[in-house]
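J.: Mind looking at a prediction? Sequence and model below.
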Amino acid sequence: MAQAGATKGRRRTVTARCRLISSAAMAYREGEALVEADRSTLVVGLGGNVVGLDRATGAVRWKNVLSGGGLEEVFIALRYGVLAVSAGGKGVYRLDYATGATLWRSETTAPGRATILVELDLIIVAKGGYLDTFGHDGLPRWSQPLEGMGIGRVALALPGNIAQADDPGSQ
């Protein structure tokens, strides 16, 4: 009985510490920030195009041809109400989720297959051996070469937000 009480006490301590870390360091991941306001549009990317489909019917709501973005695969990241996309060219785009309209287009350091993470204050793009970051307004923040690591597909991760590198496969 005493042992069970000791274990229970330790669990309470661990739980209290987790709550403290969660509420202090990562408060933006709780509550409303985790719930997207609108989940009615399925966003599909293919061949340099991004299409919004009605989730219930499959009807096309909008289409955006990523002008100057390339005709390759499209990486889509959608989080915190921010829809960021990129194809094989140097362009990274923020699109309006409801209409598909281009809100802004910025340039990455290098072309290539993108991997994108959207965070509360930052859009992180890995492409062609570089990391480029942008504010939600499209303005560049910082860039970092991944020297000596190659230029292949890149996986990115922050706690609770992961974008895996994908396999190019064979066509």
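T.: Received it, and whenever you're ready, just let me know what you need.
J.: In a helix, residue 98, correct?
T.: No - under DSSP: H, G, I helix; E, B strand; the rest coil, residue 98 sits outside any helix and is assigned coil.
J.: wait, doesn't residue 125 sit right on residue 131?
T.: Yes - using Cβ atoms under 8 Å, residue 125 is in contact with residue 131, at 7.2 Å. In short, each C-beta sits where N, CA and C put it, glycine included.
J.: Give me the distance between the residue nearest to residue 141 when sequence neighbours are not counted and residue 140.
T.: Leaving aside its chain neighbours, residue 141 sits nearest to residue 133 (4.2 Å; criterion: Cβ to Cβ, 6 or more residues apart in numbering). For residue 133, the distance to residue 140 equals 7 Å [Cβ to Cβ, to the nearest Å].
J.: More neighbours: these two, which one.
T.: The neighbour comparison of residue 133 against residue 140 (other Cβ atoms under 10 Å) goes to residue 133, with 17 against 13.
J.: For the residue most central in space within the chain, give the beta-bridge partners.
T.: Taking Cα atoms, centre = their mean, the centroid of the chain lies closest to residue 117, which sits 2.9 Å from it. Per DSSP bridges, the residues bridged to residue 117 are residue 124.
J.: Cool, thanks, talk later.
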